[in-house]
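Novice: Make a model of this:
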Amino acid sequence: MTEFPNLFLRVAEIDWANVPEDYTHSIRPLRNLDRLEFSFPVTLFAGENGTGKSTLLEALAISAGFNPEGGTFNYRFSTYDDYSSLSQGMRLIRGHRRPKTGFFLRAESFYNVATAAMTKYNDDGRMPDYHALSHGESFLEFMRRGGRDGLYLMDEPEAALSPQRQLALLKMIHDMCGEGCQFIIATHSPILLGMPEAQILSFDEENIHPCAYEETGSYQITKMFLSRREKFLQDLFEEE
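Specialist: Numbers count the residues shown, from 1 in each chain. This next block holds a predicted model:
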């Protein structure tokens, strides 16, 4: 197995005694998690809605020094404080390198990140008008401003992107990993989950665990739909 000794984030540990009582305690895959190791430049969180993927990603981002609502390390703005207390019990074990750049992007707040990028953090005047672009175009344009040796956390980036643009993002991630970057991504996309040499963590059972691409629900359901669409829809519509 290929080893990747230069990752920025190596381990995340959670001391639940320091996590105030909130909804995170009722999410079973999270509640059963005390330690999570990152072994590859790309880690993908896979699983159904409500299994804690975005909550864990958010806590990782906050613990790593990102603004809870998104942006780069220097972004500090808030339009609505709505994040869990999981980061209060989280401790990160980092690698010997420190990221030179990076960002945290979440699907539901990218509009706010784009606004902040154009107003508060556009000192050089070189930021594009993100709001003049489509959601997907602005997302990829922001992504292109990333650089080598960066740490990037993304929550469901496929929400902004067509299948073709998801492939473009996949290529960008691949190329940036060759420049010393690390990615942690929560996704339902069977395209993004197909990233070669990625660590896929499934949240679909009692405990978060590594799984193969073909074991993810996103792959299995998409394959079933595409290969037997008419029968799939017939069975779906006839369900009581």
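Novice: So which residues of this structure form helices?
Specialist: Ranges of helices in the chain, per DSSP state H, are 28-31, 53-64, 110-118, 135-144, 163-177, 217-227, 229-237.
Novice: Can you list the residue ranges for strands in the protein?
Specialist: 9-14, 35-37, 42-46, 71-72, 90-94, 101-106, 150-155, 182-186, 199-202, 209-210 (DSSP state E).
Novice: For the third one, which outside residues touch it?
Specialist: In this case it means strand 42-46. 53, 56-57, 173, 177, 182-188, 192-193, 195, 197-204, 211, 216-218 (C-beta atoms under 8 Å, 6 or more residues apart in numbering). C-betas here are computed from N, CA, C, even on glycine.
Novice: Comparing the helices of the chain, which comes out most buried?
Specialist: helix 53-64 (a mean of 23; mean count of other C-beta atoms under 10 Å).
Novice: Contacts for it, please.
Specialist: With contacts defined as C-beta under 8 Å, 6+ apart, helix 53-64 is touched by 9, 12, 24, 27, 30, 33, 36, 45-47, 68, 83-84, 86-87, 90-92, 102, 104, 106, 151, 153, 155-156, 184-186, 203.
Novice: Filter these down to the buried ones, ChimeraX style.
Specialist: In ChimeraX, this line selects whichever of the contacts of helix 53-64 come out buried by 16 or more other C-beta atoms under 10 Å:
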select :9,12,24,27,30,33,36,45,46,47,68,83,84,86,87,90,92,102,104,106,151,153,155,156,184,185,186,203
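Novice: Any stretches of this protein with poor pLDDT?
Specialist: 1-3, 74-82, 107-136, 240 (pLDDT under 70).
Novice: what sits against the residue sitting nearest the centre point of the chain?
Specialist: By C-alpha atoms, centre = their mean, the mean C-alpha position of the chain lies nearest to Ile185, the distance being 2.5 Å. Shown in contact with Ile185 (C-beta under 8 Å, 6+ apart): 42-45, 57, 153-155, 157, 192.
Novice: Repeat that for Met143.
Specialist: For Met143, the contacting residues are 105, 169, 172, by C-beta under 8 Å, 6+ apart.
Novice: Out of the helices of the chain, which is closest to His96?
Specialist: His96 sits nearest to helix 53-64 of all the helices of the chain, at 15.8 Å, using C-beta to C-beta.
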